[in-house]
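Undergrad: A structural model of the following input is requested.
(one chain, ligands or ions: 4)
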Amino acid sequence: HCVGIIGAPFSKGQQRDGVQKGPDLIRAAGLVQKLKGQGCVVKDYGNLTFEEVPSDEPIGRLKSPRAVGRANELLAGAVQKVKSDGNTCVMLGGDHSLAIGSIFGHAISRHELSVLWVDAHADINTPLTTPTGNIHGQSVSYLIHELHSKIPIIPNFSWLKPCVAAKDIVYIGLRDVDPEEHYILKYLGIKTFSMTEVDRLGIAKVMEQTCDHMFSKVKKPIHLSFDIDALDPSVSPATGTPVAGGLTYREGIYITEHICQTGLLSAVDMVEVNPKQGKTEDEIKSTVNAAVDLLLGCFGRVREG
Ligand SMILES: N[C@](CCCC[B-](O)(O)O)(CCN1CCC(O)CC1)C(=O)O
Ligand SMILES: [Mn+2]
Ligand SMILES: [Mn+2]
Ligand SMILES: [Mn+2]
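TA: Numbers count the residues shown, from 1 in each chain. Ligands and ions are numbered 1, 2, ... in the order given. Reported below is the predicted structural model:
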């Protein structure tokens, strides 16, 4: 596996300080060395630098819209570069608003994508339905063709065009979906495996049906967008919006092992690790180590040895 790593120390898609420390914490836990240790060729492209955006007043309910737009424009260009260098892209967040730039940049270089969104949340609120104004809860709505008419013109977002079809998105891990998001998911017929389905089917069947859905027409490169809050807070407590009843460590690893063996993984986001949300050092370590192990699973580590 040839891997290109981008650090995106960005936090303005939500309100909790600390998530910008994610990239360096994940690196400090040995991600690069461990990937090399399992035979990967790794290029670390370093951290993006996000300049202060002055007077970034809310627009309607949207918080920090200009900073989020600019950060994602930069990220999109960086992801494109990693892809043009022939690497599988690893984007280390930072909050989940960064998926906007990550997926857009990936789509520029790979056109048709399948997106696997592993998350406790659907992140598909529109600027009009968002209950918080936090753009990390809206990322998917900015990316899909079917909601294009629901996204207003926002300063610093003029570079963005929808680039994913609703049929090409699959969710795993949902357990905290706002009513308006639920309506959107149903209305668009988006494939979802909530924690109910994970319990009912078991993760192996969930992955089988996820792949059946993604490969039902043509096989496309896969963009895995992994929000660490998909895991149960007993595993990954150091995150901004923890929700009880999440994926076990083993289920998370199974997802990444399974996606790896498709041979189609083209980019992965690992977001929402926030050390300031951990009560103890151990909570932070558990969260960061889970993030690292999930990424190792994406790139060939298997538990059988
Ligand atoms: N859906 C939420 C959470 C988004 C989480 C984003 B992430 O990247 O972490 O997936 C709002 C969640 N909801 C707000 C009202 C509360 O009572 C319950 C939680 C939103 O802010 O849109
Ligand atoms: Mn978040
Ligand atoms: Mn989430
Ligand atoms: Mn998310």
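
Undergrad: residues from the stretch 201-305 of the chain in reach of ligand 4?
TA: Residues of the stretch 201-305 of the chain lying close to ligand 4 (Cβ under 5 Å from the ion) are Asp227. C-beta: built from backbone N, CA, C; applies to glycine.

Undergrad: Quick one: residues in contact with stretch 129-141.
TA: With Cβ atoms under 8 Å, 6 or more residues apart in numbering as the test, stretch 129-141 has contacts from 12-15, 58, 60-65, 68, 95-97, 99-100, 117, 121-127, 147, 150-151, 169, 178, 180-181, 184, 272.

Undergrad: Which of those residues fall in strands?
TA: Assigned to strands by DSSP state E, the following of those qualify: 117, 169.

Undergrad: So which of the contacts of stretch 129-141 reach ligand 1?
TA: Of the entries in the contacts of stretch 129-141, the ones placed beside ligand 1 under the rule of Cβ under 6 Å from any ligand atom are 96, 121, 123, 125, 178, 272.

Undergrad: which ones are touching the second one?
TA: Contacts of His121 were listed using Cβ under 8 Å, 6+ apart, and they are 137, 174, 176-177, 227, 229, 241, 243.

Undergrad: and the gap between it and Pro9?
TA: 22 Å (Cβ to Cβ, to the nearest Å).

Undergrad: What are the boundaries of the helices in this protein?
TA: 22-28, 31-37, 65-84, 99-110, 139-143, 179-188, 195-201, 203-214, 249-262, 281-298 (DSSP state H).

Undergrad: in stretch 24-42, what's buried?
TA: Within stretch 24-42, the residues that qualify as buried are 25-27, 29, 31-32, 34-35, 40, 42, counting by 16 or more other Cβ atoms under 10 Å.

Undergrad: Ok, stretch 214-222 next?
TA: 214, 220-222.

Undergrad: Need the max-distance pair from those.
TA: The distance between the two most remote of those (Cβ to Cβ) is 10.4 Å, for Met214 and Pro221.

Undergrad: shared neighbours of the two, anything?
TA: By Cβ under 8 Å, 6+ apart, the residues touching both Met214 and Pro221 are Ser114.

Undergrad: related to what we said a few turns ago, with distance to ligand 1 and pLDDT added, can I get the buried residues of stretch 24-42 in CSV?
TA: Formatted as CSV, those follow (distance: Cβ to the nearest ligand atom, whole Å; pLDDT from 0 to 100):
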residue, distance to ligand 1, pLDDT
Leu25, 17, 98
Ile26, 17, 99
Arg27, 21, 98
Ala29, 21, 98
Leu31, 21, 98
Val32, 25, 98
Lys34, 25, 98
Leu35, 25, 98
Cys40, 27, 98
Val42, 26, 98
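
Undergrad: could you dump the residues you listed to CSV with distance to ligand 2?
TA: Shown next, in CSV, are the buried residues of stretch 24-42 (distance: Cβ to the ion, whole Å):
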residue, distance to ligand 2
Leu25, 16
Ile26, 16
Arg27, 20
Ala29, 20
Leu31, 20
Val32, 25
Lys34, 25
Leu35, 25
Cys40, 28
Val42, 27
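
Undergrad: Read off the pLDDT value for the most centrally placed residue in the chain.
TA: The chain has Ser225 as the residue nearest its centroid, 2.9 Å off, counting by Cα atoms, centre = their mean. On pLDDT, Ser225 comes in at 99.

Undergrad: In contact with it, which residues?
TA: 96, 99, 102-103, 115-119, 268-269, 271.

Undergrad: Just give the nearest non-adjacent residue to the closest residue to ligand 1 within the stretch 151-300 of the chain, would you?
TA: Among all residues of the stretch 151-300 of the chain, Thr241 sits closest to ligand 1, at 4.3 Å; criterion: Cβ to the nearest ligand atom. Nearest non-adjacent residue to Thr241, counting by Cβ to Cβ, 6 or more residues apart in numbering: Asp229, 5.6 Å away.

Undergrad: count of neighbours near that neighbour?
TA: 31 (other Cβ atoms under 10 Å).

Undergrad: one step back: out of the contacts of His121, which are close to ligand 3?
TA: Intersecting the contacts of His121 with the contacts of ligand 3 gives 227, 229 (criterion: Cβ under 5 Å from the ion).

Undergrad: buried subset of the contacts of His121?
TA: The buried subset of these - by 16+ other Cβ under 10 Å - is 137, 174, 176-177, 227, 229, 241, 243.

Undergrad: between these, which is nearest ligand 4?
TA: For those, the closest approach to ligand 4 (Cβ to the ion) belongs to Asp227, at 3.5 Å.
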